[in-house]
Structures are given as structure tokens and as C-alpha cells.
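>>> from the sequence below, what's the structure:
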Amino acid sequence: MRAIVFDKFGGPEVLRPEETAEPHPGPGQVRVAVRAAGVNPIDWKIRRGWMEQAFPTPLPAVPGSEFAGVVDEVGEGVTDLTVGDEVLGWSATGSYAQYALAKNVTAKPAGLGWAEAAALPVAGETAVRVLDALGVRDGETLLLHGAAGAVGAMAAQLAVARGATVIGTASPGNHEYVRSLGAVPVAYGDGLVARVRAVAPQGVDAVFDAAGKGALPDSIELRGGTTDRIVTIADMAAQELGVTFSSGGTPPEKMRADLAENARLAAAGTLRVQIARTFPLAEAAAAQETSEEGHGNGKLVITP
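Down below sits the predicted model:
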């Protein structure tokens, strides 16, 4: 099968297209013909070797953790899926490939496009996980750093749906987009505390940092000096500041249930999934390079 492979850690140049052996599903797995694969920052962080302590990666490896596609083989013990089913979910073997093996999948609604479906699993799981950890609820005010990114945009919409007021930090060029998500945009950087207080004189009840751009000290100040109800998914200074760093831990059953609900909302047009750009499989290195550089709003997707 066609796949993208890397056999050493490094820059995007270590990624190469290769013909590899087709995988076949083991017990409880399905094989999926991949129609689209999402690109996430974790992909290039793993490729650079930065995540070895948390996610050891045997080499050679195929990148990518999320996909949408069509079931074309079913492993022993699988009773809820059949060949031909359209699904989205998380790959066990890497999604930058013609085929991927998976256990954690849910049905793709008929009205949801392939690229949009592939963009949902990681961003949706992360957004729900952190909003749940923060306990964001109706009537509260959430400060969301990185509101124009894939995770931030998902979190903004889901928090608004919970009845929260969302203040989203973003560059000025992305303010209209953040506003379209139902959030109140503010510029990040120097003077952030004053700008947030100007639009939320009542204060902020919780902080979700999806950007990792050094805003945690300001966030602590805006929370009245406490680190309570502040969670980051991107700032490695979290531990020294006493802030919670969230990197996973959602039970598979809940992951699938949340994904199914997000897919339903996206198919109905209630949850907006912005695709910034798609790349053919052979240009996976360019896709990761674009992600690493920062690409504005929306998701990058590879189409094998």
C-alpha cells in the first residue's frame, strides 16, 4: 500500500512516500481504506522526537492519528461494523496511508464530508476533555487561548453550546473568524490582562490554553492569583507554574460517544469544521511543515 514513513527523527525531510505491506486487522480491529487523514501538531512533535517520553515511537513509523474512511476488512470479534461502513476515528497504525487499522471508530453521518470527518476526532476529543475537566457550564465565562486553531475553534463552539460566554484570544486577522464561532475576540500579547478585563469586568471562571504562547501567568492573574480551573494542552511551563497540563486519558467508550455526537452536530451544520487546506499523500511533508509554521484558522487534511 501507499504510505508515508519516517525511520529517524528530524525535520519534515525525514518523511518519505513508500510502498509498504498492507496491514490486516487483528481481534477487535477493522481495516479502513483511508479517504482523509487529519494533520495535528502532535504529528510533527512525534516526528521530531520531542514526545518520546510520553509516546515512545518504534521506527520506522507511519504518522497520523485520525482519519475517515471505509471499512474494507473486519477482524475477529467485531460485530457492530461491516465491510462498506463509512467511519471516522483514531488509527492504531498511522493514518497517512492507504489503509489503517483501528478499534476506536464511529459511524460517519451521510451528510458529513470526508475532510470534515477526518478533522473531528483529535480536536473534538481534546476540546470536550478539557471543557469537562474545567467544568464549564451555563452562565460562566471561559477565557480560551488560541481560539482560531482547530482545537480552539471546536472548544469555543462547544462551550457556547453549554451556555458559557467565551473570550477567545487570537491575532487581529482572525478576530472575525473567532466572532463567527460565537466568541468575543481579543488580541493576545502584552496588555492581555487589561483587554480581557475590559470585555469581562465580572472576571473569568475558567481558562483553556490551546495555544501555548506563554499566556499562563496572565491567566493566573485573571483568575485572581489561583491556578484552579486553568488547563493547558500546549504550554510546557505548566508544571513549574502549578497549572494542569492535559494530554489524554479519556476512556475509549466516552471518546467514541463524544465523537459520534460531534459528528452528528457537524453533519447538521451546528458544529462548524473549518478546513484550511488539503494535501495529497505525497505532500505530507509539506502539510506537516505548514502545520509547524502555523497556518491560521482551520484544519490541514491529507487525502491518500
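
>>> could I get the contacting residues of Val136?
Contacts here follow CB atoms under 8 Å, 6 or more residues apart in numbering; on that basis Val136 touches Leu142, Ala159, Arg162, Ala164, Asp205, Ala206, Phe208. Where C-beta positions appear, they are placed from N, C-alpha and C, glycine not excepted.

>>> what mean pLDDT does stretch 204-220 get?
Stretch 204-220 shows a mean pLDDT of 96.

>>> in it, what's buried?
204-212, 215-216, 218-220 (16 or more other CB atoms under 10 Å).

>>> quick check: pLDDT value at the spatially most central residue of the chain.
By CA atoms, centre = their mean, the chain has its centre lying nearest to Ala123, at 2.5 Å. Ala123 carries a pLDDT value of 96.

>>> low-confidence bits of the stretch 201-304 of the chain, can you list those?
295-296 (pLDDT under 70).

>>> could I get the full set of helices for it?
216-222, 238-241, 252-267, 284-293 (DSSP state H, counting those that start in this stretch).

>>> what comes up buried for the last one?
Applying a neighbour-count criterion of 16+ other CB under 10 Å, one finds Ala284, Ala285, Ala286, Ala287, Gln288, Glu289, Thr290, Ser291, Glu292 buried in helix 284-293.

>>> test my guess that Phe245 contacts Gln239.
Yes - with contact defined as CB atoms under 8 Å, Phe245 counts as touching Gln239 (6.7 Å).

>>> which one's more surrounded, the two?
Phe245 (16 against 10; other CB atoms under 10 Å).

>>> contact partners for the closest residue to the more buried one other than its chain neighbours?
Nearest non-adjacent residue to Phe245, counting by CB to CB, 6 or more residues apart in numbering: Ala238, 4.1 Å away. Going by CB under 8 Å, 6+ apart, Ala238 touches Leu216, Thr232, Thr244, Phe245.

>>> so which of those residues sit within strands?
Thr232, Thr244, Phe245 (DSSP state E).

>>> which residues does the closest residue to the second one other than its chain neighbours contact?
Nearest in space to Thr244, with sequence neighbours left out and distances taken as CB to CB, 6+ apart, is Val231 at 4.8 Å. Residues in contact with Val231, defined by CB under 8 Å, 6+ apart, are Val130, Ala133, Leu134, Ala206, Val207, Phe208, Asp209, Val243, Thr244, Phe245, Ser246.

>>> for Val231, list each beta-bridge partner.
Judged by DSSP bridges, the bridge partners of Val231 are Phe208, Thr244.

>>> same question for Ala97.
Applying DSSP bridges, one finds that Ala97 bridges with Ala3.

>>> quick one: it and Glu293, what's the gap?
Distance, Ala97 to Glu293, by CB to CB, to the nearest Å: 24 Å.
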